[in-house]
Structures are given as structure tokens and as C-alpha cells.
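Enquirer: Fold the following, please.
(4 chains)
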Protein chains: 2
Amino acid sequence: MEIPERGDCFRADCPARDVFGHVTGRWGGLVLAALLGGTLRFSELRARIGGISEKMLAQTLREFERDGLLIRRQFPEVPPRVEYELTAAGLEVAQRLDHLIGWIQDHVRELVAAQRSHEATSRRASLS
Amino acid sequence: MEIPERGDCFRADCPARDVFGHVTGRWGGLVLAALLGGTLRFSELRARIGGISEKMLAQTLREFERDGLLIRRQFPEVPPRVEYELTAAGLEVAQRLDHLIGWIQDHVRELVAAQRSHEATSRRASLS
DNA sequence: CCGTATCCGCGCCGATACTG
DNA sequence: CAGTATCGGCGCGGATACGG
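Expert: Modelled structure (predicted):
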């Protein structure tokens, strides 16, 4: 397929949509944001990201390695040690993700309040 | 549940993770980013976001309305007209998403090149 | 035009067991 | 420690039909 100079995530067939899908996948954003603090081992990542399974962590890491957003560094030791680190591209993406995550975290109460208020409204409406 | 002053998306049980899930859902980011240009009708949104079905668009819009990120405005006309617009909170989220999307779109060639190069590497590795 | 309702297949993802 | 292999449920999401 022809790769345009600039992608368009709004088109279904654009490779940019593909990468966007990885980044906004269920675990993608959390993995990248977790690595903003610096290099982490597999088990450290797993501990930091609540609820992720080994399978999904491994799968997500492989996707991002393929996309060139992080690098995998393996040490010839026993027990084995593997570290993951953002590439320059990965850092750019992770920083933008972090801004998004940060805003949401800072406004949790406002968001939850909106949810509650909306529930109340729809209840009143359904009482005809 | 106790709502902390500041959320933590890395915890599995935090409401912030919940909203983060909506925003980074399959269609969430594209819907919010599409509304950055201003108010849009249902059919306009559907046309702009390649591949989305009516069902998923409606579902995504309802989630965000509940989260207080957008408002739904219905006009008493025939044929009916419904417009969707970002709230102040939605604008904040959408802008951050747009930065993320923009970077990916601007670097689509770099990303695709990384994917190709990685395929070549893993092919060589598997040839033992 | 703007949805909702229903069905249902596919693939995501968790659980478990196993390997180097 | 850092994974891979395999299985299976179930929910996401597409297709279709219908309603206001």
C-alpha cells in the first residue's frame, strides 16, 4: 500500500490508525506511560500496572518493539534479566499520553460527579 | 467507594482508569478528536470516522455524555437533528488526544519503517 | 435522520501449565 | 525471572431489522 507522507487516523486503512490502535489499546497507554520513569524490568512493569496479565504484557511489549517505540535489552545472566526502555519515538508518544493521563487523574472527582449527576437525570426521565 | 482527590490510572479499581478506558477505547479517541473542529451531527461524525458503525458511535457518544465530556443537543424538527459538542472538560481531553494523534500522523513513515525493519530482523533470527 | 433492539461470530484476554 | 503454549468464556462489535 501507498504510505502517505502524513497519516490520517480517521481513515480505516491507514497505518497510522494501526499504531494509534496499539497505543490506545487496553494496556498500551499504561505500558508506555509506566516507562516514562526510565528503564524497567518485565516484573517491575507487571507490578506497576494493576490488573495486567503476563500474557498481555508480553504481547503489548512485542507490539511496541515492532512499532519502534521501545527496545528490549536482554542480559546473559541466570536468572535472566530483561529490561525495556522507550526509544526516542516512544518517549514522544509516552509524553503525550502522560499529559492525557495526568489530566484525567487530576479531574477524577469532576468526572465521577458528572457520571453521578447523569445517572440521577436519566432516572428522573425514566420515571415519566 | 472512596474517591481520592487525584486518581491513579495504574490502579485497576480507580475510576480514573475507567474514564481512561473510555477515552482510549477503540473509537473514543477518534470521536473526541473529530469534535475538536466544532459541533457535529450524528451523520457527520459517522462519515468522518472511517469504519465506525452506528451502534458503536451511539454507544461511544452515550459514554462520553455520561462522563461529562460532551453534550447532546436535540432539535424538535422533522427530520430530527441532533448535534454533539465538547464540554470544557471534553475539550481538554480532546486537545491532549489530538497532540497524540498528530504526532503519530506526522511520523507514520518512521513507524512503518520500524515495523518493516523489525520483520526483517526477526526473519533472519528465525533462520537460525 | 437518528437512533434502538436483537442476534451471533470472532477474537480478546484471563487462567493455567509448562520451559529455558 | 521471563517468558511461551494452549484452552475456553464472554463480551466487543458488526449486521440486520425495526421504531420515533
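Enquirer: List the residues that contact residue A:42.
Expert: Contact analysis of residue A:42 by CB atoms under 8 Å, 6 or more residues apart in numbering or on different chains lists A:57-58, A:61, A:82, A:84. Where C-beta positions appear, they are placed from N, C-alpha and C, glycine not excepted.
Enquirer: In strands, which of those residues fall?
Expert: In this view, the contacts of residue A:42 that belong to strands under DSSP state E are A:82, A:84.
Enquirer: where does chain A come near DNA strand C, residue by residue?
Expert: Applying CB under 7 Å from any atom of the strand, we find that chain A lies next to DNA strand C at A:25-26, A:51-56, A:79-80.
Enquirer: still on that earlier bit, list just the nearest of the contacts of residue A:42 to DNA strand C.
Expert: residue A:57 (8.5 Å; CB to the nearest atom of the strand).
Enquirer: What segments of chain A are helices?
Expert: Counting by DSSP state H, the segments of chain A that form helices are A:15-23, A:28-34, A:42-48, A:54-67, A:88-106, A:108-126.
Enquirer: which stretch in those helices has the least confidence?
Expert: Among the helices of chain A, helix A:108-126 carries the lowest mean pLDDT, a mean of 83.
Enquirer: Buried residues, stretch A:48-63. List them.
Expert: A:48-49, A:52, A:56-57, A:60-61, A:63 (16 or more other CB atoms under 10 Å in any protein chain shown).
Enquirer: And chain B, is it touching that?
Expert: Yes - using CB under 8 Å from any CB of the partner chain, stretch A:48-63 reaches chain B at A:48-51.
Enquirer: With DNA strand C as the reference, measure out to the residue most central in space within chain A.
Expert: The centre of chain A sits closest to residue A:29, judged by CA atoms, centre = their mean, with a distance of 1.0 Å. Per CB to the nearest atom of the strand, to the nearest Å, residue A:29 is found 12 Å from DNA strand C.
Enquirer: In this structure that residue contacts residue B:20, no?
Expert: Yes - counting by CB atoms under 8 Å, residue B:20 is a contact partner of residue A:29 at 7.2 Å.
Enquirer: Please tabulate the residues of chain A next to DNA strand C in CSV and include distance to residue B:118 as additional columns.
Expert: Listed next are those as CSV, based on distance: CB to CB, whole Å:
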residue, distance to residue B:118
A:25, 18
A:26, 22
A:51, 28
A:52, 23
A:53, 24
A:54, 22
A:55, 20
A:56, 20
A:79, 27
A:80, 22
